[in-house]
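> Prediction below, plus the sequence it came from.
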Amino acid sequence: MAPLDATGDQFAILPIQMPPAPSFPETAIHEVRIRRNAPKIPTANDSRSLFLKNIPADSTEPHFRAIFTDLVGAGRFETITFEDDNKAAAAIDPARAIKIAGFARKRKRGDVEDEERAEEEAARLPDIWTRQLHRSSSTAIVLLADDKSVQLVLKAIAKLQKTKKYPVWGQSISGDVQSLGSPWVSSHLRLCRANKAEIQKATHAFFNVFNRKEKEAAELSKRLRNEPDEDGFVTVTRGGKVNPANQFEAEEARRKMVEKADKKKSELKDFYRFQLRERRKQEQAELLKRFEEDKKKVNAMKEKRGKFKPET
Amino acid sequence: MESSSKRRKIGHESIGLRHAGLIDFESRNTARVTAASTFVLQTDELLKEAKPNYEKALHGVDGQLHRLKGIIDGIEPHDPKPITEATVKFEKEHRIVIPYPDPKPAKDAPYKVSYSPPSQCNVVGSYVSRTMIKTQSEFGIDMVVQMPSSLFQEKDYTNMRYFYRRAYYIAYIAARVRKEFAQELDLSFESLNENPLLPIVVLRPKASSDGSDEREAKKKSKKASYSIKLIPCAPDDLFPWSKVTPKSNNNRLGEADEKKETQAATPFYNSTLNAERTFIPYLRLLTHMRKECPAFADACILGRTWLQQRGFGSAISQGGFGHFEWATMIALLLQMGGRNGQAALSTSLSSTELFKAALHFLSTTDLSKKPYTFATSTISADAVREAGPVMFDPTRQLNLLFKMTPWSASMLQSYAKSTTELLADVMADKFDPTFIIKADIPFQTFDVVFEIQSTNLSKFSESADRRSAVTNFCLEAHKHLKRAYGNRAQLVQFQLPPRGHWSLAKPPAKEATRALMGVVFDPVHMSRQMEFGPPAEEQKEAARFRQFWGDKAELRRFKDGSILECIEWSSKLPLQICEEITHYTLQRHLKITKDQVTTVGGAFSSIISLSHLDKSAFDSARQAFQNFERDIRNLEELPLQIKQLSPTSSSARYASIEPPLMGYHKGSIELMDVNLYFEASSKWPENLTAIQEAKVEFLIDIDRRLTKANDKITTYLGRENKELGIESLAYLDIIYESGAAFRLRIHCDLEEKLLERQVKNKTLEPRIREEAEEAFEKLNWLYNALPLHTQTIATFCTRFPPLSPTIRLVKHWFNSHKLSGHIREELVELFVLHAFLQPYPWRQPTSVITGLLRTLFFLSKWDWRDEALIVDTAEDLSEDDRSSVRHDLQTWRKRDPSMNDKVLFVATSNDRSGLAYTRNGPSKLVASRMTHLAKAACKLVREKGIHLDPSLLFETSLQDYDVLFHLSSKAIKNIIRETAVESGGRKHSQFKNLDALTASVPLPIRAHPTDVFMEELERVYEDSLLFFRGSTDDSVVAALWNPRLQKQKFRAGLPYNFHSVGGDGDQVEVNQKAVLLEIARAGGDMIKKIEVAEEDE
């Protein structure tokens, strides 16, 4: 664990000069908050990464590469991961697979895993935005070359407070940045009109993965049912010996049961005289209640002045 | 408590509030509780509130009245003198112009006038009966001065002689009273109830003139002043009724042709004479009733309020039905009018019951068609028949309604009908529309208002009946127009100019020569372009038809072989047809040219271009959908059975601002959204993401089959703005060669169940559950609520023709005030529908104008903090359902008193939760803005009256916003043009014929570029900015900084772009400039300019 520097757990302020835009000819200082990355679940790269808060909405990797180059020179900046990047990894697992996976965690061999990842990659749909706009004030994690770079960056930021020579946003960007504005919108609209063949390929790939996983899960659950675990217990899983139970059928059965119970209940209504009497009593109590409510309502209206005054 | 309730039972004062005893109600087995509804409790409150404090408001009036009586009694009589001589002498001596009614007495008139003290001098009316209400414009205290019969001769009922003597008498009294009261009271002449035959003297307290306590004076004048009216009246039985029946003619003065043998009857003149002797008898009747029936006074107050809110009053210009007529009517119904000479109403009824009964009587009795007499047996209907409405009191032998006109009678009946409907409607709030809401604003009542300027009224001023010239003119015009409109109009109403008071020293001001006419359409018939007359064989009828319509009538042969007289109007829209008919009829029968008739409020329909072709455009869109449905259903061997196809776009329910246009007119394509439902199946995978992928597969499959079956269509697979996840991924655009275009989405019932289970699954992470909930709401809205809504609105639009244009205009209103980004268009449709389903206090809107204004009126009144809007579209919501919605609202309000969430509650028959339409907004801020804007609009409508410029209602105000984004419409047009062609296709060229766009059909796009851009901005700045925008063509988007963003201490979770500000601690606030720069960069060339509002201080 690297020792914490002077600012410690605190955020340092990285000011960035925002140049004027043609539609809004004013400048501003954007403040990015920055600190060492210390996630709850530590990872291997924590010591050489920085946590950024309040990044500009139009941030891209080249933008930040330029900023860090400006701060500590070229070659230190490795990569940046934005908050909403990792959201895309959605669970393709079938419902059963998730459940079963909890019972028996099994590590797969590396090469099989790679193969599967490639398959999942193929299942992804093509992007419909050429560039993502981040939510206002979102976060990112910058991965630097080594631990020393982290120190250097923090030092450079501390120095900025004195020199007031802030890095300028969008200056000396190397690499391709897709433009925003109307090209951005029109390219999005064009990408939304999807290529049918491409989409079909992706869905096929998806179902390959999905079916495989489902099969694995089924097999696993079958195995679990037949094999006692190390403590000698047998896991109870849903379904008969031949076919696993289907959610849909289960629901249907439940509906029928409820219907039956309802019918039975309704047949026995108003059967005895005391039932009738009780019902009538109830109705009367309800009437009374309603009357009380009416009174309350009128009183509430009375409190609000002018409710009873005809308009002129 | 116990003792007090016992005492109440003994005392009889409180019988008016009959249920008062019920409030302490204890025993459970009496079902009488139902009798006391909210309405009754509310009216009780109203009665308590409405009664003025006589001590305070009319302090010292009693003393003045006593003095006045003393003075009048003390005036010394003088002997008869010839009228001319007496007049000249009197006018010279007192500088008072004697208010003789027109025509003035002839110079050589042979009869003499004299004065002798009144035989009675008495206060009558609502001051005595204590039935005044606070909101009256002025407290009027009536004092009648009964002239002794010695002043009159037997023949005085003819030729206005009675009225000349009366005028001299009142002027004589005025002279004396002025001498005594000159210090404290102002005297002026006025016509009693604007009846030109009956001048009276009115005394009003002088405004205190000393400047020191001006404010106090203002306060006083605000408090409703009072006036004392001196009304001379005739002694009992002055003239026998047989001489003054409605049939007789008693006035030959001023007739153009005096020697005419058959004199027209003079019912108005006669009834006025008749009424002169009835003041004291009616006073007796009303006092008697007050003793007989304890609730009578309260019923009068209720009636008075009801009439006043509808603009009715005793004065002729106010319809001639006021408090006096109401009270007398009830009194008579309490005495007679029932079967076999029994009373129609029982004296033991409570005030609300009396009120309801009176309204029921008014709504069911058509007074103008058949003369109504209380106690039918004694007098035949023919004896009292006259042209106007008749309600005959046989005991006092007077037509109570002689001041009413045919139109005011039908107006009164229409109001009574609407109120009885309201009282029978379980669902509606009954109290406010009945008593509170002021319902006499012309534009909210009438579909069109004409102002008729008539310069030449001399023809009408000479009639023997002595109504005013304008009244006569209006009667004539009414007769012709009523016939001309036929069943096109429900009501044709004239508003007569009111007549004010004039000072003693001057003759009365000349009568105004302009009249307002309002028409309430029958929307089904008004849009008819042809007027069908009788067939040619019926010669008499045909001749009459031709005589009425003149050259315009022509004979035509129709498809079914009939040959009819008919007229064709060249206009298309209801309003213009009405205008054309009016112009033609007035020109033909009354020689009033077009430029003397101004249509007020015609400009409403030109705000958005409404045309008569719109309906067929919508119809053909629906037709196209049916064809599409057939094509889909004809696809063979689909893996699942199709259950249903439902459209969800506003163009499929007659409600889009622009009517759907087939073909390619705008360079882009408008698609109709369609949902496809399959029969339930177990084949769907049990995973949300997999379902989405399976749907995509389905779409591709349908696409393949469709294009195989039909080569006239092109299809595009489109992607929703969503990543792979639990929400829908794609849709299929299907475009026919004819230009009809549809966007198909698939519904999967399993998806709904899975999502529901995820929402309820407590073992999942909260974030996932929230996501699932959001997706579930969206799904529910798109696949369950929206199709039903579309169906409902479409049905109502075909049932009520004005609904569709009104919805479109109201949507335009929301657009022009930049609210449509927050308030769903479906919600707007519900608002309008509500104004149609619960139109009280009016009847259902019959045109765009009334529809729009009443919707705005509803919005301005709706107190969404405490009230849920319940639109019972299928009429199947029970009282329990309703109260449960209200209960839900209360629970939410208790839980979240500052209303950060769930602001509007709108329940319909299909959605009883009350939240389906309003889950995503509007927020409290937007909802209050809506209410404010609606209130401002209603205020404008009320203040401007008929001089309202409708475009003012739609004027956008930009001053309240923090930031304005001016979008570049050029850049947006460019995007549309670019995306409408395939990216590899031919480039856009400056020559139209080389342009790729003109050569080919434009391609469908996911959404309008402005929408796409704003969607992104709203996603990014969800917590920092509130955007306000109208339609996509609107180039200005406004925004407010989220008012919740205060200066606060820094923490890592802040959801907005901040910068630190000085001060202790790590204080930060929103970095406005940086945010705007971000938007400027994101918008690029789409944003022309960002304008920041100047700080006020």
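Yep, it's here.

> so what pLDDT did residue 60 get?
The chain I'm using is chain A. Here, the pLDDT recorded for residue A:60 equals 88.

> wrong one, chain B
Residue B:60 is given a pLDDT of 77.

> Can you report how many residues lie near it?
9 (other Cβ atoms under 10 Å in any protein chain shown). All C-beta spots, glycine's among them, are computed from the backbone N, C-alpha and C.

> for it, phi and psi?
Dihedral pair for residue B:60: phi 80, psi 0, per degrees, to the nearest 10.

> likewise residue A:309?
Dihedral angles (degrees, to the nearest 10) for residue A:309: phi -100, psi 120.

> Which residue, other than its chain neighbours, is closest to it?
The shortest distance from residue A:309 to any non-neighbouring residue, by Cβ to Cβ, 6 or more residues apart in numbering or on different chains, is to residue B:49 (6.1 Å).

> Quick one: list the elements packing against the host helix or strand of that neighbour.
In this structure, residue B:49 sits in helix B:38-50 according to DSSP states H and E. When contacts are defined as 3 or more Cβ pairs under 8 Å, 6 or more residues apart in numbering or on different chains; DSSP states H and E, helix B:38-50 sits against helix A:273-303, helix B:296-309, helix B:351-364, helix B:431.

> Relative to residue B:324, how far out is the residue nearest to residue A:309?
Distance, residue B:49 to residue B:324, using Cβ to Cβ, to the nearest Å: 23 Å.

> Tell me which of these two has more neighbours.
Between residue B:49 and residue B:324, counted using other Cβ under 10 Å, the more crowded position is residue B:324 (21 against 17).

> what does the stretch 901-1050 of chain B have sitting close to chain A?
Within reach of chain A by Cβ under 8 Å from any Cβ of the partner chain, the stretch 901-1050 of chain B has these residues: B:966, B:971-972, B:974-975, B:978-979, B:983, B:1003-1007, B:1009, B:1012-1013, B:1016, B:1019-1024, B:1050.

> Select from these every entry located in helices.
B:971, B:972, B:974, B:975, B:978, B:979, B:1009, B:1012, B:1013, B:1016, B:1019, B:1020 (DSSP state H).

> Tell me how many other residues surround the fourth one.
Pointing back at residue B:975 there. 27.

> My guess is it contacts residue A:187. True?
No: when contacts are counted by Cβ atoms under 8 Å, residue B:975 is not listed as touching residue A:187 (9.8 Å).

> picking up where we left off before, please see if whichever helix or strand comes after the helix holding residue B:49 touches chain A.
Using DSSP H and E, the helix or strand that follows helix B:38-50 in sequence is helix B:54-57. No: shown here: helix B:54-57 not in contact with chain A (Cβ under 8 Å from any Cβ), separated by at least 15.1 Å.

> so how far is helix B:54-57 off the chain centroid?
How far helix B:54-57 lies from its chain's middle: 35 Å, per Cα atoms, centre = their mean, to the nearest Å.

> Spell out which residues of the stretch 551-700 of chain B are next to chain A.
So far as Cβ under 8 Å from any Cβ goes, the stretch 551-700 of chain B lies against chain A at B:680, B:682, B:685, B:686, B:687, B:689, B:690, B:693, B:696, B:697, B:700.

> Make CSV out of these and add secondary structure and pLDDT.
Listed next are these as CSV, based on DSSP: H, G, I helix; E, B strand; the rest coil; pLDDT from 0 to 100:
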residue, secondary structure, pLDDT
B:680, coil, 85
B:682, coil, 80
B:685, coil, 84
B:686, coil, 81
B:687, coil, 82
B:689, helix, 85
B:690, helix, 87
B:693, helix, 88
B:696, helix, 90
B:697, helix, 90
B:700, helix, 91
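
> So what's the predicted local confidence for residue 290?
Just so you know, I chose chain A. 80.

> Please refer instead to chain B.
pLDDT, read off for residue B:290, is 88.

> Repeat that for the one 3 residues further on.
Reported pLDDT at residue B:293 in the predicted model: 87.

> swap in residue B:342?
79.

> got the residue ranges for the helices in the stretch 101-250 of chain A?
A:110-123, A:147-163, A:182-192, A:196-226, A:247-267 (DSSP state H, counting those that start in this stretch).
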